[in-house]
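Participant: Coordinates for the following, if possible.
(2 chains)
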Amino acid sequence: MLCAPCSVQLVTFNFDHIYIMLTIKNLRVSVEGMEILKGINLNIKPGEIHAIMGPNGSGKSTLGNVLAGKEDYEVTEGEIDFMGEDLLELAPEDRARKGLFLSFQYPVEIPGVPMVNFLKASINEHRKYKGLEPLTASEFLKLMREKKEMLHLDSQLTNRSVNEGFSGGEKKKNEIFQMAMLEPKLAILDETDSGLDIDALKVVAEGVNALKDPQRSVIVITHYQRLLDYIIPDFVHVLYKGRIVKSAGKELAMELEEKGYDWIKKELV
Amino acid sequence: MTQPAINNKIAVSEKYAELFHASRSLLDEGSSPLFNRMREIAVKRFEQSGIPGFKNESYKYTNLQAVFDKDYHPAIQYRKPEIDLNQVFRCDVPLLDTYTVLLVNGWYYEGNQKLQGLPAGTTVGSIRQIANEEPELLQNCLNRLAGLSSDPLVALNTAFAQDGFFLHVPDQVVLEKPIQVINLLSAKEPVFATQRNLIIVGEHSQAKVIFCDHTWDACELLSNSVTEMFVGRESVFDFYVVQNQNNQANSVNSAFVKQEDHSNLLTCIATLHGGMIRNNLNININGEHAEAHLFGMSFTDKKQHIDNFTNVEHNKPNCMSNQLYKNVLDEDSVGAFAGRIHVARDAQKTNAFQRNNNVLLSDTAKMNTKPQLIIDADDVKCSHGATIGQIDEEALFYLRARGIPETDARLMLMNAFAHEVIQEIRIEPLRNRIDELVEKRLRGELARCHSCDKN
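Facilitator: Numbers count the residues shown, from 1 in each chain, chains lettered A, B, ... in the order given. Modelled structure (predicted):
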């Protein structure tokens, strides 16, 4: 690789695809004619943890949902490149299989679909995409057991229907559990900390940290700095009225916690 | 409505009355006097009201005129099938070990083998034969429930009744294996079949009966069946119906159940394929501390029409009834559910529940649902609920966001919808088979129960 003249090309090739995982350029999104995101720019490299903070109604969840492919949103302008592909052209299931994972703010209850069937279908779809054989029943159960232990998850949860009758905390833990099972390239945690008590918060954070990998990036969408005590971000962005108005290191989160969002609003004026 | 339509209604009804009078001697021939003595009154009753039209509140959502108007050949004589049905119709649902009997166009198949290993005293067979040979077994039950019905089609059945399935389980007998009755409709030309069944379960007994309604040929058919069931004190009885016919097969199935003290009844009707299907289910709770669980599900597309009508009569206190009917409707299919619960004056402490949930998959599918609760007691708990909706988009997105393709995700959700009913089936191999059939049905594959199909 070193001596061949083409090695240089090979490196540039890698550079494009690995060193920038997600590029969002001037993203504008409307819902029912109302513009929610008004030109978002964001670059995420592998291994980075980005926190997106901001007051209510600033468009944080919209960003997460647009990335995951929810259909209720209309992208009016801009582009999103995810590992060399136009993300906006992909169906939600293809985005997931390529390695994008959204931990839902409000996970849906799906009565009648057993957790085990759901997870197995999901895992095997991911494997099929990678050209791997589906897991056998015993391999699957083993994997599930490992991940449950890692997250100190109540083993009964997987005997139930997807999220059905789960408490708020259980639902959020279940999201992290699914993330652990699927090992995504880019995980978007949409207000995963909301509604969690301090113990559950720790479990969730531990889960995220256990999956830390130089190739895996995380976007943490949150109101509070609380979760960021456990999941240390490399960058903190403040989203306000559909725009990223401030980006800085992790110290920004502390400052926000102290002063609230008002000083940023004032700064803008 | 215009004049010609009314004339037509009369004409259609007259056609059947005429058919009855013309074939009276054939009907009587070989039938037990128990049957023959009912015919006159029954046909009079039918003639009085005729084929129910839309003005009949119970048949409001189902137009039977068109179905009855066609020209059918009445199956009033037993015709030996050209092939040995025992050879071709072997149900090999894994682990489903049953006593199996076959009926063809309402007639008990002569090639049915004698059932081995039935508990002593249990009688299974042709109602025609048993009415002739052992009339004492059924004379106190035959037409005791159906005879009280005001439904003209039940009267029509009584007028034409010749053969059908009969089961008598004496007191204190537990049938370990379910009895599977394969009702086959087979003809090269459009046929009108009448089937009359009677099931008597004694006291402290247990039995499970599975009706599999099939068609052999892709021919237009009309079947009008009546099943009377008696569930004795402290007995447990399960009645399953799997309807899997061709889409030109029309049927009206009326079932009547009478329950005594502490009895436990479960019925489950799964409709996968068929043309116009009307299922009437009448439950008469006639003893205290009895329980009735009624379940139903249907999957329709094209021009299918499925109508479930239930009527639960709570006549005694301290009883419980629970109904859950679910329908998935696609394309131009039409569904209906009407559930009537009547709590009699002295039936205090009654618990009666009813739920009907429906999913419409197309813009043209249609569902009518109508609960009807009549409560004449003051210390009861009754509830009803009906929903008509579409696939839950939020749930669909959730599944897709985990990498599951849209078609599979839809299928998962529909399966989940049906599963609430399927899980109630108390015979495990049957439950698994229905699960499988439902999945195939939803995938759009021909969901014949292939193990029971032509080899």
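
Participant: quick one: buried residues of stretch A:134-148?
Facilitator: Residues of stretch A:134-148 classed as buried: A:135, A:140, A:144, A:147-148 (neighbour count, 16 or more other C-beta atoms under 10 Å in any protein chain shown). (Each C-beta comes from the backbone N, C-alpha and C, glycine too.)

Participant: Determine whether any part of it lies close to chain B.
Facilitator: No - in this structure, stretch A:134-148 remains apart from chain B according to C-beta under 8 Å from any C-beta of the partner chain; the gap is never smaller than 12.8 Å.

Participant: mean confidence score for that stretch?
Facilitator: The average pLDDT for stretch A:134-148 rounds to 94.

Participant: Name the residues that touch it?
Facilitator: With C-beta atoms under 8 Å, 6 or more residues apart in numbering or on different chains as the test, stretch A:134-148 has contacts from A:116, A:119-120, A:123-124, A:127-128, A:153, A:155, A:158, A:177, A:180-181.

Participant: Would you report which members of the buried residues of stretch A:134-148 are assigned to helices?
Facilitator: Of those, the ones assigned to helices by DSSP state H are A:140, A:144, A:147-148.

Participant: Reformat those residues as CSV; add distance to A:Lys212.
Facilitator: What follows is those, written out as CSV (distance: C-beta to C-beta, whole Å):
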residue, distance to A:Lys212
A:Phe140, 24
A:Met144, 21
A:Lys147, 15
A:Lys148, 19
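
Participant: Any idea how many residues pack against B:Ser25?
Facilitator: 7 (other C-beta atoms under 10 Å in any protein chain shown).

Participant: ok, and it, which helix or strand is that part of?
Facilitator: Using DSSP states H and E, the secondary-structure element containing B:Ser25 is helix B:24-28.

Participant: how about the nearest residue to B:Met412, chain neighbours excluded?
Facilitator: Taking C-beta to C-beta, 6 or more residues apart in numbering or on different chains, and ignoring the residues beside it in sequence, B:Met412 has A:Val113 as its nearest neighbour in space, at 5.5 Å.

Participant: mind checking pLDDT for the one you found?
Facilitator: If you check A:Val113, the pLDDT there is 93.

Participant: Buried subset of the contacts of stretch A:134-148, written for PyMOL?
Facilitator: This is how PyMOL selects the buried members of the contacts of stretch A:134-148, with burial counted by 16+ other C-beta under 10 Å:
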select buried, chain A and resi 116+119+120+123+124+153+158+177+180+181
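
Participant: Just name the lowest-scoring one in the contacts of stretch A:134-148, pLDDT-wise.
Facilitator: The lowest pLDDT within those belongs to A:Ser155, with 79.

Participant: Tell me how far that one lies from A:Lys148.
Facilitator: A:Ser155 is 6 Å from A:Lys148, where distance means C-beta to C-beta, to the nearest Å.

Participant: in stretch B:36-50, what counts as buried?
Facilitator: Within stretch B:36-50, the residues that count as buried by 16+ other C-beta under 10 Å are B:36, B:38-39, B:42-43, B:45-47, B:50.

Participant: Run through who's touching stretch B:24-41.
Facilitator: Contacts with stretch B:24-41, where a contact means C-beta under 8 Å, 6+ apart, come from B:20, B:76-77, B:128, B:131-132, B:135, B:138-139, B:142-143, B:147, B:158-162, B:196.

Participant: Any regions of the chain where pLDDT drops low?
Facilitator: Picking chain A for this. Counting by pLDDT under 70, chain A shows low-confidence ranges at A:1-18.

Participant: that answer is for a different chain, and I need it for chain B
Facilitator: In the predicted model, chain B carries pLDDT under 70 at residues B:1-7, B:9, B:88-95, B:446-455.

Participant: List phi and psi for the residue in the stretch 101-250 of chain A that chain B sits nearest to.
Facilitator: Using C-beta to the nearest C-beta, the closest approach of the stretch 101-250 of chain A to chain B is made by A:Gly112 at 2.8 Å. Dihedral angles of A:Gly112 (phi, psi; degrees, to the nearest 10) stand at phi 90, psi -10.

Participant: burial count for it?
Facilitator: When neighbours are defined as other C-beta under 10 Å, A:Gly112 has 19 of them.

Participant: Same check on B:Lys440?
Facilitator: Number of residues near B:Lys440 (other C-beta under 10 Å) recorded here: 16.

Participant: need the strands for the stretch 251-400 of chain B, in chain order.
Facilitator: With DSSP state E, counting those that start in this stretch as the criterion, the stretch 251-400 of chain B has strands at B:264-273, B:276-285, B:291-300, B:305-314, B:320-329, B:334-343, B:351-360, B:366-375, B:381-389.

Participant: These into TSV, with extra columns for mean neighbour count?
Facilitator: Shown next, in TSV, are those (neighbours: other C-beta atoms under 10 Å in any protein chain shown):
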stretch	mean neighbour count
strand B:264-273	23
strand B:276-285	24
strand B:291-300	23
strand B:305-314	24
strand B:320-329	22
strand B:334-343	23
strand B:351-360	21
strand B:366-375	17
strand B:381-389	14
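
Participant: among the ones you listed, which is nearest A:Gly242?
Facilitator: A:Gly242 lies closest, by C-beta to C-beta, to one member of the strands of the stretch 251-400 of chain B: strand B:381-389, at 33.3 Å.

Participant: by contact count, what packs against that closest one?
Facilitator: strand B:334-343, strand B:351-360, strand B:366-375 (3 or more C-beta pairs under 8 Å, 6 or more residues apart in numbering or on different chains; DSSP states H and E).

Participant: partners of the second one in the sheet?
Facilitator: Right, the one you point to is strand B:351-360. The pairing partners recorded for strand B:351-360 under DSSP bridges are strand B:320-329 (parallel), strand B:381-389 (parallel).

Participant: May I ask which helix or strand encompasses B:Ile210?
Facilitator: strand B:206-215.

Participant: which element follows that strand toward the C-terminus?
Facilitator: Where DSSP H and E defines the elements, the next helix or strand beyond strand B:206-215 is strand B:221-231.

Participant: Okay, now the sheet partners of that next one, with direction.
Facilitator: On the basis of DSSP bridges, the sheet neighbours of strand B:221-231 come out as strand B:191-201 (parallel), strand B:249-259 (parallel).

Participant: Run through the residues of chain A sitting next to chain B.
Facilitator: Chain A comes close to chain B at residues A:68-71, A:91-93, A:95-97, A:102, A:104, A:107-108, A:110-113, A:117-118, A:121-122, A:125-126, A:129, A:161-162, A:178, A:182, as judged by C-beta under 8 Å from any C-beta.

Participant: Report the buried members of those residues.
Facilitator: Looks like those have A:68-70, A:92-93, A:95-97, A:102, A:104, A:107-108, A:110-113, A:118, A:121-122, A:125-126, A:161-162, A:178, A:182 buried, using 16+ other C-beta under 10 Å.

Participant: So what touches stretch B:229-237?
Facilitator: Contacts of stretch B:229-237 with the rest of the structure, by C-beta under 8 Å, 6+ apart, involve B:141, B:145, B:171, B:198-209, B:239, B:255-266, B:287.

Participant: Let me see the contact set for B:Lys314.
Facilitator: You called it Lys, but residue B:314 is His. Counting by C-beta under 8 Å, 6+ apart, B:His314 touches B:285, B:321, B:341-344, B:347, B:350, B:352.

Participant: do you know how far it is from chain A?
Facilitator: Going from B:His314 to chain A by C-beta to the nearest C-beta, to the nearest Å gives 29 Å.

Participant: Arrange the strands of the stretch 251-400 of chain B in a markdown table, one row each, with distance to A:Leu27 as further columns.
Facilitator: Formatted as a markdown table, the strands of the stretch 251-400 of chain B follow (distance: least, C-beta to C-beta, whole Å):
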| stretch | distance to A:Leu27 |
| --- | --- |
| strand B:264-273 | 47 |
| strand B:276-285 | 53 |
| strand B:291-300 | 42 |
| strand B:305-314 | 48 |
| strand B:320-329 | 39 |
| strand B:334-343 | 45 |
| strand B:351-360 | 35 |
| strand B:366-375 | 42 |
| strand B:381-389 | 33 |
